[in-house]
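**Q** Kindly generate the corresponding structure for this input.
(chains A, B and C)
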Amino acid sequence: MTEKCLQVALDVPLDRLFSYGAGEFNPQIGERVLVPFGPRRLSGIVLATGADPGEYAGKLRSILACPADMPPLPEQVLALCRFVASYYHHPLGAVLAAAVPVVFRGTASFSPPDPEYLYQAGDLQALLSAIGSRAPARLKVAELLAVPVTAGQLRSANPAAMRWVRDWQAAGFVQTTTAEADSAGETLLLGPQPPLNAEQQAAVAAIAAATGFAPFLLYGITGSGKTEVYLQAIASQLAAGRQVLVLVPEINLTPQLEQRFRQRFPAVLLASLHSGLNDRQRALAWLDATQGRAKIVLGTRLSVFTPLPQLGLIVVDEEHDPSYKQQDGVRYSARDVAVYRARQSRVPVVLGSATPSLETWQNAQAKRYTLLPLTRRAVKDATLPAIRLLPVKKIRAAEGLHPLAREAVERALQAGRQALVFINRRGYAPVLACTECGWMASCRHCAARLVLHLGESRLRCHHCGFEEAVTPACPDCGNHDLQPVGHGTQRLEDIVAKQFPGARVLRIDRDSTRRKGELDAALKQVHDGDADILIGTQMLAKGHDFPRLSCVVILNADTGLYSMDFRAEERLFALLTQVAGRAGRHGQGGEVLIQTLFEDHPFYAQLLDGDYARLAQRLLAERRQLRLPPFTQWAILRAEAPQLPRVQAFLDAARLAFPHLRGLVVHEPVAASMTRRAGHERMQLLLVADTRAVLHQAMDEALPRIAALPDSQIRWSLDVDPLEV
DNA sequence: AGCACGCCGACT
DNA sequence: GTCGGCGTGCTC
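**A** Numbering: from 1, shown residues only, chains lettered A, B, ... in the order given. Modelled structure (predicted):
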């Protein structure tokens, strides 16, 4: 009898599967196995068990082990990964590796901890009277046993707690269960469901009534109560015994949203896959979801691959957020994969945003997605902030804030409220320049300026991490008068501190919150009212709710308005809407002031009206006219190497690998928007096709030839549906 | 991607 | 005479 032949996907940059003998093992499809691969051992996923070894017959190597620590990936997830591999033209083994928790990618086997025991008093009154009133410390611990608690929780109440609990256990007062058993018979326990307005009700009803695949765009202005719609749509799924997948952008808002979910569904196990978890915790949360214990999975883009045996609904919050697009490796869009998954699993998917991506908006206009509008503020007392433009010609360095902005901040402080000054640039100044010859400090590894960080007296590259001490004199002409040009958060902090001497100024950016816990501490300070003026970057724009904030000043946000990037307006609208939304979420209407050089740009008329629909209509008309996405299908072949000519030669050759197809344009290679990064020259080649089918046909033909091109110095990657050009 | 094999410069 | 540079070739 001949040995069974397995097809195994491995995490190597080779777009093919590998055949192995099963040896003494009998792995299932979707299971992970350890295999010999050249001189090393790798973990792979079994994709077929009765395969024909073909040319390798007789010289197959056998698998080394079946760790059985990971439940086999179900066929649904394998199919999802196959789709992602083919759509983004990435090796299947690499996609599967990315879809699985880190602990299952290596050759070490993962052993979950023993199930944790929960302790509970069967008859609390009997226990309390047995202890008597002379042992208050024990009484305190005993009272905790009214509900199931862990040993850790008991110990944190009193270090000696477990000794007493063992005694009570021996005496029959205390029983144990495991978390798993405890949740098995649980009934769905809902927190109070707040009343909904008519629009919210209509949205919840539409989602609940959907059968099979049904994509929705929940288009809700800031404060219109999108989250409440999610919660009630989720509640009806939970009541039907189904699981729900909720995707959120990669930001620090997850704890807040998580808190809200837990409050609403206190008895439901929620697997939260946020960045704060270590690999082990992640694996455990993933197992909870995979084995159907966790009913809600809340996580960032990677969570879209989580196996969910009873999936009933997918929610993508802030669907326009660029962090849904992975920017290295498999460059997938978790939002688009989520829609595919919903179709595959025949469940509804809700894409929510106040400023939808134009791709999604167009899908709604074309009736491919059902539009669920929320146009009224549902949050109690909330009013839309008044947005005003402050035209600035060229603000002198020492000023920073427009006089009217200064007055507005003053007003907020007088009223005992907080003000936020938003500038999307950290450091002191983005440029250090020589006043004599015009020299500017730039990175020696990147085509980028070095940013001045005055506090540490360093010049830093924000792209490659290079840094150096501030030079005392111009290296070109020897002049000692080097001047910072432009504004960053640090410089603004200085200016604002001088202009408002009595105010407590708090800067929040990646530099001030680098260490663990610093961001939470800063946010707490804001919530407790221990800061008056916040200076912050994009970090502060998203998600956070600042009840005391009533005034927002936005600086230098619109530098992109006349840039090459056709998505600049769309993105700026989303950013400004989000920043503006920080003001006046509670009570008194907030004030939002935007300092701009381009006050006449049509963009601002639509922003001031808060009219996303009009902006979207104009931008979509432009894109249709100019044959830009979503009316054409794009892919970018990016390449980099230490020497530019090699990159040029590679892309010239790659260009020839594409077939001539009707409805396909393969552009000439051009320099990337940042031409050099971390010592590598970068170029790219743009493919524009009328339809996805043509684009993929071209890539299917060309990519094997490109992969076979000789130059090994070249690092290249393909970006399907690129967000950045 | 790794990792080995392979063929040419400055050192214990 | 070796240690080690990274070019190129393969992995069921």
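**Q** Endpoints of stretch A:249-269, how far apart?
**A** Counting by C-alpha to C-alpha, to the nearest Å, the length from the leading to the trailing residue of stretch A:249-269 is 21 Å.
**Q** ditto for stretch A:478-498
**A** Counting by C-alpha to C-alpha, the length from the leading to the trailing residue of stretch A:478-498 is 32 Å.
**Q** how about it: buried residues?
**A** A:482, A:484, A:486-496 (16 or more other C-beta atoms under 10 Å). (C-beta placed from N, C-alpha, C; glycine too.)
**Q** swap in stretch A:209-222?
**A** Under the neighbour-count criterion of 16+ other C-beta under 10 Å, stretch A:209-222 has A:Ala210, A:Phe213, A:Ala214, A:Pro215, A:Phe216, A:Leu217, A:Leu218, A:Tyr219, A:Gly220, A:Ile221, A:Thr222 buried.
**Q** And the strands in the stretch 101-250 of chain A, which stretches?
**A** Listed in chain order, the strands found in the stretch 101-250 of chain A under DSSP state E, counting those that start in this stretch are A:117-121, A:149-150, A:174-178, A:214-220, A:243-247.
**Q** So which elements touch the fourth one?
**A** Same thing as strand A:214-220. Counting contacts by 3 or more C-beta pairs under 8 Å, 6 or more residues apart in numbering; DSSP states H and E, the secondary-structure elements packed against strand A:214-220 are helix A:198-209, helix A:226-239, helix A:334-345, strand A:348-353, helix A:358-365, strand A:370-374.
**Q** Ok, which of the strands of the stretch 101-250 of chain A comes nearest A:Asp532?
**A** strand A:214-220 (31.2 Å; C-beta to C-beta).
**Q** Tell me the strands beside the closest one, with direction?
**A** According to DSSP bridges, the neighbouring strands of strand A:214-220, each with its direction, are strand A:348-353 (parallel), strand A:370-374 (parallel).
**Q** what's the shortest one in contact with?
**A** Same thing as strand A:370-374. Taking contacts as C-beta atoms under 8 Å, 6 or more residues apart in numbering, the residues outside strand A:370-374 that touch it are A:199-200, A:202-203, A:206-207, A:214-221, A:224-226, A:229, A:350, A:364.
**Q** What of the first one?
**A** Contacts with strand A:348-353, where a contact means C-beta under 8 Å, 6+ apart, come from A:207, A:210, A:213-220, A:226, A:229-230, A:233, A:313-320, A:335, A:338-339, A:341-342, A:360, A:369, A:372, A:574.
**Q** Give me the buried entries from these.
**A** By neighbour count, with 16+ other C-beta under 10 Å, the contacts of strand A:348-353 hold A:207, A:210, A:213-220, A:226, A:229-230, A:233, A:313-320, A:335, A:338-339, A:341-342, A:360, A:369, A:372, A:574 as buried.
**Q** Can you name the residues of chain A that neighbour DNA strand B?
**A** Proximity of chain A to DNA strand B (C-beta under 7 Å from any atom of the strand) is limited to residues A:Val12, A:Pro13, A:Leu14, A:Gly38, A:Pro39, A:Arg40, A:Arg715.
**Q** Of all pairs in these, which one spans the longest distance?
**A** Farthest pair in the residues of chain A next to DNA strand B (C-beta to C-beta) is A:Pro39 and A:Arg715. Separation: 23.9 Å.
**Q** Looking at these two, which one has more neighbours?
**A** Relative neighbour count places A:Arg715 above the other of A:Pro39 and A:Arg715, with 13 against 5, counting by other C-beta atoms under 10 Å.
**Q** now that one, which residues is it bridged with?
**A** Using DSSP bridges, the beta-bridge partners of A:Arg715 come out as A:Glu640.
**Q** residues touching it, list them.
**A** If a contact means C-beta under 8 Å, 6+ apart, then A:Arg715 has A:Ala639, A:Glu640, A:Ala641, A:His680 as its contacts.
**Q** do the same with A:Ala473
**A** Listed by C-beta under 8 Å, 6+ apart, the contact partners of A:Ala473 are A:Asn479, A:His480, A:Leu482.
**Q** does it sit in a helix, a strand or a coil?
**A** Three-state call for A:Ala473 (DSSP: H, G, I helix; E, B strand; the rest coil): coil.
**Q** Next, find the distance separating it from A:Arg458.
**A** Using C-beta to C-beta, to the nearest Å, A:Ala473 is found at 17 Å from A:Arg458.
**Q** A:Thr178 now?
**A** With distances taken as C-beta to C-beta, A:Thr178 is found 53 Å from A:Arg458.
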